[in-house]
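Trainee: Sequence and predicted structure below; questions after.
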Amino acid sequence: MKRLELKFLDEQDKTVTISLDSPAEPVDAMAITAAMDQILAQQVLYSSGGDMVSKKSARIVERNVTDIQI
């Protein structure tokens, strides 16, 4: 399963991650940047370290699990 992780910095300079399952592909970097800018501008999210103040990074994470018979 793939997951989009949006990473922000809060007022205490701590990393806060928002994860979204099954992102649309191909990934549109400009759309992700715009979405992150909207999240910051509207101050819709906060953490124990305060409001989100800047973007840190974004990435796609893919996890593969294979069961082993024992």
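Mentor: Received, thanks.
Trainee: Please count neighbours and contacts with C-alpha atoms only from this point.
Mentor: Will do.
Trainee: Where does pLDDT dip in the chain?
Mentor: Low-confidence segments of the chain (pLDDT under 70): none present.
Trainee: Mind naming the longest strand for it?
Mentor: strand 50-62 (DSSP state E).
Trainee: ok, that strand: who's next to it in the sheet?
Mentor: Strand 50-62 sits in its sheet next to strand 2-10 (antiparallel), strand 46-47 (antiparallel), going by DSSP bridges.
Trainee: nearest to residue 64, of those strands?
Mentor: Evaluated over the strands paired with strand 50-62, closeness to residue 64 peaks at strand 2-10, with 9.1 Å, by CA to CA.
Trainee: Taking their axis directions, the following helix or strand past that closest one and strand 2-10 sit at what angle?
Mentor: Using DSSP states H and E, the next helix or strand after strand 2-10 towards the C-terminus is strand 15-21. An angle of 160 degrees separates the directions of strand 15-21 and strand 2-10 when computed by axes from the mean of the first three to the mean of the last three CA atoms, to 10 degrees.
Trainee: what comes into contact with the following helix or strand past strand 15-21?
Mentor: Heading C-terminal from strand 15-21, the first helix or strand you meet, by DSSP H and E, is helix 29-42. For helix 29-42, the surrounding residues in contact (CA atoms under 8 Å, 6 or more residues apart in numbering) are 6, 45, 52, 53, 54, 55, 58.
Trainee: Most neighbours among those residues, which one is it?
Mentor: residue 52 (24 neighbours; other CA atoms under 10 Å).
Trainee: and the closest residue to that residue other than its chain neighbours, what does it touch?
Mentor: Setting aside the residues directly before and after it, residue 52 is nearest to residue 10 in space (CA to CA, 6 or more residues apart in numbering), at 4.2 Å. Shown in contact with residue 10 (CA under 8 Å, 6+ apart): 16, 46, 47, 49, 50, 51, 52, 53, 54.
Trainee: Would you mind putting those into TSV with distance to residue 35 alongside?
Mentor: Below are the contacts of residue 10 laid out as TSV (distance: CA to CA, whole Å):
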residue	distance to residue 35
16	16
46	16
47	18
49	21
50	20
51	16
52	14
53	14
54	13
